[in-house]
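Chemist: Provided below are the primary sequence and the corresponding predicted coordinates.
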Amino acid sequence: MGEDIIESSANIFADLGFPPDEAAILQMRADLMMDLRSSLKTTN
């Protein structure tokens, strides 16, 4: 259990090692999907 805790960069995909450009796109897609789910949930 002696693992160090590293502060997140606020982009899980960058933290997982994706290249910066790809990480930004993946984060944007994830944010859009969360917004879509939230919108659909409130309209139903």
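Modeler: Received the coordinates, thanks.
Chemist: any idea what Glu7 is structurally, helix, strand or coil?
Modeler: Following DSSP: H, G, I helix; E, B strand; the rest coil, Glu7 is assigned to coil.
Chemist: contacting residues around the helix or strand hosting Leu32?
Modeler: For Leu32, the element it lies in under DSSP states H and E is helix 20-43. Applying C-beta atoms under 8 Å, 6 or more residues apart in numbering, the external contacts of helix 20-43 come out as Asn11, Ile12, Phe13, Ala14, Leu16, Phe18. No exception for glycine: its C-beta is placed from N, CA and C like everyone else's.
Chemist: any chance of those in a markdown table, plus distance to Gly2, pLDDT and neighbour count?
Modeler: Below are the contacts of helix 20-43 laid out as a markdown table (distance: C-beta to C-beta, whole Å; pLDDT from 0 to 100; neighbours: other C-beta atoms under 10 Å):
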| residue | distance to Gly2 | pLDDT | neighbour count |
| --- | --- | --- | --- |
| Asn11 | 26 | 95 | 16 |
| Ile12 | 24 | 95 | 13 |
| Phe13 | 27 | 97 | 19 |
| Ala14 | 25 | 96 | 17 |
| Leu16 | 22 | 94 | 9 |
| Phe18 | 27 | 97 | 16 |
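Chemist: mind listing which of those are in helices?
Modeler: In helices, judged by DSSP state H, the following of the contacts of helix 20-43 are found: Ile12, Phe13, Ala14.
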